[in-house]
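Novice: build me a structure from this.
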Amino acid sequence: MILFVFFSLSLVIGFVYYFFNQNIKAIYIIIFSGLMNFTLPPIVNSEIQIFRIMLILGSAIIIVKPVGYNNHSFNKIMFNNCDTSIVISVFIYLFWTIISVLFFGEKYSFFGKFLMIFDYSIMYFITVYCLKNIHEANRLFLMIPKLVTIMLIFGLIGYFLNNPWFGTTIYNQDIYRILESNLSYAEKLAAYENTQRTFLNLLEISRIRFTAGDPNSLGTIVAMTLPFSVIFGFYLKKKVFIIYFFLQLWVLFLTGSRTAIISTIIIAILLIIYNPSNILSQKKLQYINYYLIGLTIVVSIFLFFFESLIFSVFDRFTNINNMVMLVDAGDRQWRWLYHLNNLSFSNIFIGDGTFGFQGSLSTQSHNNYIGLLFYGGAFVLFAYVLILIRSLLLASYFSNKILGKIMILSVLVIMISGISQETAHSLGPNFIYWPIIALISFKGYSRKNIPKNQPIVQTQLTSSQKFRQS
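Specialist: Numbering: from 1, shown residues only. Here you go, the predicted structure:
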C-alpha cells in the first residue's frame, strides 16, 4: 500500500509539472489515472480518487498561473484556438452544475460537495489548456486508444489471475476477504455486489467491468474508441492499432452492454448506407467499409454460435424476445416514467445536485438526459445537448475527413448510449468524452483554417503523414 501511495503521488507530481508547462503529457496522466480509478487511502471515511486531486490542482494552476508566464495563456488558447460556442456551453454546464451541487445537493457532506463541484467537465478546460498546436492535438488523437487499451490489458490480466480489481487500489476489507477466498472470478464479483446492495442474478453481475466501475461504462469506453483503432489501423496502416481493434472488440462483447453493442451496430449500418462520394473516391478508405461489414458479421457469429463460451453475455440478449423487451431491458421504460412523474419545478429549474432520482424505488434513471435534468436542471441539459450537436457539426467540417469521421462516430456513441445509460457521470467514459470534445472544438482541424489556394485533399494527406510520423 505504501508503494502505491508513492506511485500515486508521483502521478500527481508529474501531472502538476507537465500541466504547469502546458505539456500534453499531463492529459495522458489524468486520463490514465481516471481510467484506472486510482485512489488514495480513505480520508474522512471516503477514498479520494487521484483524478479529482488533479482536477483541483489543474483548476488552481489555470486560475493563479501568471498570464505572462509564456505565450500560451489560457484565455488565448480557449477563445482563439477553440470554438466559442462549445467553450460557452461547457462554462454554462459547469457553472450550473456547481450551483446545483453547492446549494441543493443535500445528499452530500461539505467535503463531498467540495469534490463534486470539480465536475468531469473540467477535463475539457484542462485538455484545452494543453492543446497549444496541431502537433499536440495529433499526439492526443493517437494516445486515446492506446490508454484505453492499457486499461483493457490490465483488466484482462486480472481476469486470468482471478482478480476483478487487478490494476487499481484496494482499501476495502470486504474486497480483501473476497480476494483471499477460493471463489471464481464471477462469484467474487457477485460476493462484492452482495455486500453493497441487494443480491443480483449471477449472470447479470458476472460481466466484466475492470476499473471502469460497471460493465455499461466499460462498453461505452470501448465503443467510443473503436473508430480510432479501426481508422488508424486499417486506413493509416498503423498495424499496432489493428491489434487494439480486435482486443477492444472482444472486450466490448464480454461487457454484455446491450446499449454499447447496439450503438456500435447502428453506427456501422449508418456508415455502410451513407458514404459521401468524396470519401468513397479514395480507395484506401474502403477499408472502413470492410471493417463495418466485418463488425456486423462478427456480432452475428458471437450472438449465435458462441453462447456457451460467454453465456452471461448472450443470456442478456436471448432473454429479449421482442422489441418491447429490448427497449425496456432493465425496466428502463418504468424508470423513465417514474423519474419524469417525480420531476418538480425546482428540478427543472436548478436540479437537486443528485444524478438521477434517489428515491426508495429507483436509484438511477437509466437515461442520460433525464438524469441531467434532475442533476442540474434545464440549463445543464440544454448546454449538454448543445455541446453534442455543435460537436457533430464541427466534426463534419473537419479539413481531414478521416479524423472528422472518427469524431462523429464517437459523439454518436455518446448520444445513442445516453438514451438508456447515465453516461454523463459514469466513471470512465468522461475521460474519453471531454478530451474528444476538446479536440473537436480545436480550430486547427477546421476547414476554415485552410488557405484558399490549398486543396482539402492535400491537407488530408499532410495530416495523415503527420499521424504516421507520430
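
Novice: please enumerate the helices of the stretch 51-200 of the chain.
Specialist: With DSSP state H, counting those that start in this stretch as the criterion, the stretch 51-200 of the chain has helices at 74-81, 84-104, 110-116, 122-130, 134-160, 173-179, 185-196.

Novice: sorry, slip of the keys, the one I care about is the stretch 251-400 of the chain.
Specialist: 258-273, 277-280, 286-305, 311-318, 323-327, 332-341, 345-349, 368-396.

Novice: report the buried residues of the first one.
Specialist: Yep, that's helix 258-273 we're talking about. 258-264, 267-268, 271 (16 or more other C-beta atoms under 10 Å). The way it works is simple: take the backbone N, C-alpha and C, and place the C-beta from them, glycine included.

Novice: what of the longest one?
Specialist: Of the residues in helix 368-396, 368-377, 379-388, 390-392, 394-395 count as buried by neighbour count, 16+ other C-beta under 10 Å.

Novice: ok, residue 28 - contacts?
Specialist: 143, 147 (C-beta atoms under 8 Å, 6 or more residues apart in numbering).

Novice: just how off-centre is whatever helix or strand it lives in within its chain?
Specialist: Secondary structure assignment for residue 28, by DSSP states H and E: helix 25-36. With C-alpha atoms, centre = their mean, to the nearest Å as the basis, helix 25-36 stands 12 Å off its chain's centre.

Novice: between it and helix 134-160, how many degrees?
Specialist: 20 degrees (axes from the mean of the first three to the mean of the last three C-alpha atoms, to 10 degrees).

Novice: between helix 25-36 and helix 122-130, how many degrees?
Specialist: Going by the same axes, to 10 degrees, helix 25-36 makes 160 degrees with helix 122-130.

Novice: residues contacting the helix or strand just after helix 25-36, please?
Specialist: Sequence-wise, the next helix or strand downstream of helix 25-36 (DSSP H and E) is strand 39-43. Here strand 39-43 makes contact (C-beta under 8 Å, 6+ apart) with 1, 5, 8, 47-50, 53, 168-169, 171.

Novice: residue 402 and residue 210: what is the separation?
Specialist: Note on residue 402: its distance to residue 210, by C-beta to C-beta, to the nearest Å, is 29 Å.

Novice: more neighbours: the two, which one.
Specialist: Per other C-beta atoms under 10 Å, whichever of residue 402 and residue 210 has more neighbours is residue 210, with 31 against 20.

Novice: show me what contacts that one?
Specialist: By C-beta under 8 Å, 6+ apart, residue 210 lies in contact with 151-152, 154-155, 158, 167, 218.

Novice: between those residues, which is nearest residue 441?
Specialist: Lowest distance from residue 441 to the contacts of residue 210 (C-beta to C-beta) belongs to residue 151, with 25.0 Å.

Novice: can you tell me the closest non-neighbouring residue to the closest one?
Specialist: Leaving aside its sequence neighbours, residue 151 sits nearest to residue 35 (C-beta to C-beta, 6 or more residues apart in numbering; 4.4 Å).

Novice: surely that neighbour touches residue 145?
Specialist: No: using C-beta atoms under 8 Å, residue 35 makes no contact with residue 145, being 11.8 Å away.

Novice: name the residues contacting each of those two.
Specialist: Joint contacts of residue 35 and residue 145 (C-beta under 8 Å, 6+ apart) do not exist.

Novice: pretty sure residue 48 sits in a strand.
Specialist: Yes: assessed by DSSP: H, G, I helix; E, B strand; the rest coil, residue 48 belongs to a strand.

Novice: that one reaches residue 114, doesn't it?
Specialist: No: contact criterion C-beta under 8 Å: residue 48 and residue 114 do not qualify, at 10.8 Å.

Novice: and these two? Which one has more around it.
Specialist: Legend: neighbour count by other C-beta under 10 Å for residue 48 and residue 114, higher for residue 48 (17 against 14).

Novice: for that one, which residues are in contact?
Specialist: By C-beta under 8 Å, 6+ apart, the neighbours of residue 48 are 39-40, 115.

Novice: 7 Å - rerun?
Specialist: 39-40 (C-beta atoms under 7 Å, 6 or more residues apart in numbering).

Novice: in stretch 425-443, which residues are buried?
Specialist: Those would be 425-442, for stretch 425-443 by 16+ other C-beta under 10 Å.

Novice: mind listing what's buried in whichever helix or strand residue 242 is part of?
Specialist: Assigned by DSSP H and E, residue 242 falls within helix 239-255. Using 16+ other C-beta under 10 Å as the test for burial, helix 239-255 gives 241-242, 244-245, 247-249, 251-255.

Novice: repeat that for stretch 88-102.
Specialist: Buried residues in stretch 88-102 (16+ other C-beta under 10 Å): 89-90, 92-94, 96-101.

Novice: quick one: contacts of that stretch?
Specialist: 113, 116-117, 119, 121-122, 124, 350-353, 375-377, 379-380, 383-384, 386-387, 390.

Novice: any low-confidence regions in the stretch 101-250 of the chain?
Specialist: Residues of the stretch 101-250 of the chain that meet the criterion pLDDT under 70 lie in 193-206.

Novice: show me what contacts residue 127?
Specialist: Contacts of residue 127 by C-beta under 7 Å, 6+ apart are 27, 434-435, 438.

Novice: among these, which lie within helices?
Specialist: Among the contacts of residue 127, the residues falling in helices (DSSP state H) are 27, 434-435, 438.

Novice: state the pLDDT value of residue 377.
Specialist: pLDDT, residue 377: 88.

Novice: give me the pLDDT for the closest residue to it other than its chain neighbours.
Specialist: Excluding the flanking residues, the one nearest residue 377 by C-beta to C-beta, 6+ apart is residue 351, at 4.0 Å. Residue 351 carries a pLDDT value of 81.

Novice: got the contact list for residue 351?
Specialist: 100, 104, 374-377, 380.

Novice: which residues sit against stretch 239-250?
Specialist: For stretch 239-250, with C-beta under 7 Å, 6+ apart as the criterion, the contacting residues are 145, 149, 152, 222, 225-226, 229-230, 232-234, 298.
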